[in-house]
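[1] what's the 3D shape of this:
(one chain, ligands or ions: 5)
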Amino acid sequence: MNFKSILNNYQEQVNLAISKFLPNINDVPPRIHEAMLYSLQAGGKRLRPILLLAAYNLYPSDLDPLAAAVAIECIHTYSLIHDDLPCMDNSILRRGKPTNHIKFNEATALLAGDALLTYAFYLISKHYQHVPQIACKMIYTLSEAAGPSKLIGGQIEDFHHETTSHQDSSINIYEKLDFIHTNKTSALISAALTLGLRLSKVDEEKINIAQKLGFHLGMAFQINDDILDVTSTSASLGKTSGLDQQNKTLTYPKVYGIEKSIKKAQDHTHCAITLCQELGGNNEFLLVLIASLENRNV
Ligand code: IPE
Ligand code: IPE
Ligand code: MG
Ligand code: MG
Ligand code: MG
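    Ligands and ions are numbered 1, 2, ... in the order given. Purely as a prediction, here's the structure:
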């Protein structure tokens with residue numbers, strides 16, 4: 001297996017599918033379509049759609065997974081646009097370009113995020129309506145992962161900690177940190193794997209394993225994101241580094257220090273690999289992908 005060429009091929013498939021499934025930049029009203037496509041086509045690792053495709057390819061079926069892959073990237077990109085807003089992390093650089101609100105303005109960034117979130121559900125309901133039971137389960141998984149108990153729940157606790165941590169000494173910082181990471185990041189990564197396997201039509205037992213895998217992979221991913229915010233530069237990350245300390249964000253390096261954080265990320269990666277082996281199927285690529293994320297520098 002040539003891991004790099006399969007990864008590039010997945011990335012290319014996702015980029016082509018984004019062009020195919022998103023509205024044209026000139027569609028009326030062009031301003032919103034330009035703002036949506038600006039952030040979506042700025043690049044990014046495409047990790048969530050690639051995880052969806054890799055999970056699907058463990059047990060491929062007759063269904064085309066690309067519309068679902070684009071849908072999850074729409075949700076992820078919306079979450080980044082809103083995360084970067086001045087009222088949230090207040091960042092000026094994302095995917096190597098000025099953030100959406102810097103390029104356009106705050107109101108446009110807010111609406112571009114809203115539009116991408118909504119468009120994800122439009123895509124799934126449109127492209128999988130011929131398999132309504134699968135479509136409904138995918139919408140359930142995605143809306144739960146992106147909703148108030150998961151992604152938004154993680155984001156509000158992240159933000160709430162930034163603004164109130166100095167006032168409250170009674171909270172369990174370790175539990176809070178894991179709540180934030182589990183929900184703001186692991187939930188959507190779990191959903192990516194789950195969607196891929198729903199399209200594969202596998203049994204619930206495999207879906208349960210994939211969700212546990214997504215939890216551990218997401219934790220490792222966010223811990224490494226926290227580490228990179230401290231150890232890397234804006235230029236190499238393509239997004240503003242050092243913001244967590246500036247914003248008093250609750251992170252692994254802050255609570256555990258860098259060395260322990262690295263160890264904890266490795267432990268989560270190890271669990272994810274074991275669960276991926278348990279999933280079976282054509283898991284060669286997914287196994288290497290999980291391991292490679294441990295040493296990522298973007
Ligand atoms: C950034 O996600 C937000 C986190 C959950 C850490 P990515 O690191 O996947 O960002 P892109 O998609 O490559 O830009
Ligand atoms: C963001 O976490 C997670 C979501 C967007 C849901 P971060 O705030 O750490 O992500 P970056 O570092 O800005 O990419
Ligand atoms: Mg944030
Ligand atoms: Mg941020
Ligand atoms: Mg971060």
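[2] who touches R46 in this structure?
    10-11, 14-15, 73 (CB atoms under 8 Å, 6 or more residues apart in numbering). Using the backbone N, CA and C atoms, a C-beta is placed for each residue, glycine as well.
[3] Oops, could you answer that again for G281 instead?
    58-59.
[4] Looking at the contacts of R46, state which has the most neighbours.
    With neighbours defined as other CB atoms under 10 Å, the most crowded of those is E73; it has 27 neighbours.
[5] So for it, what's the pLDDT?
    Note on E73: pLDDT of 99.
[6] how near is the nearest residue to it once chain neighbours are set aside to ligand 5?
    Leaving out its chain neighbours, the residue that sits closest to E73 by CB to CB, 6 or more residues apart in numbering is P49, at 4.8 Å. The gap separating P49 from ligand 5 is 20 Å, by CB to the ion, to the nearest Å.
[7] Likewise for E204?
    For E204, the distance to ligand 5 - CB to the ion - is 33 Å.
[8] swap in E278?
    Taking CB to the ion, one finds E278 at 30 Å from ligand 5.
[9] Assign the nearest residue to that residue once chain neighbours are set aside to helix, strand or coil.
    In this structure, E278 finds its nearest non-sequential neighbour in I209, 5.4 Å apart by CB to CB, 6+ apart. Counting by DSSP: H, G, I helix; E, B strand; the rest coil, the backbone at I209 sits in helix.
[10] Surely I209 and T274 touch.
    No - contact status for I209 versus T274: not in contact, 10.1 Å apart, counting by CB atoms under 8 Å.
[11] Which one's more surrounded, those two?
    Set I209 next to T274 and count neighbours by other CB under 10 Å: I209 wins out with 19 against 12.
[12] OK, contacts around that one?
    I209 touches 275, 278-279, counting by CB under 8 Å, 6+ apart.
[13] And for T77?
    T77 touches 39-40, 44, 116, counting by CB under 8 Å, 6+ apart.
[14] and which of the contacts of R46 is nearest ligand 2?
    E73 (12.9 Å; CB to the nearest ligand atom).
[15] how close does the residue nearest to E278 sit to I139?
    22 Å (CB to CB, to the nearest Å).
[16] Repeat that for F285.
    27 Å.
[17] what secondary structure does the residue of the chain at minimum distance from ligand 4 sit in?
    Distance from ligand 4 to each residue of the chain (CB to the ion) is smallest for D89, at 3.6 Å. Under three-state DSSP, D89 falls in the coil class.
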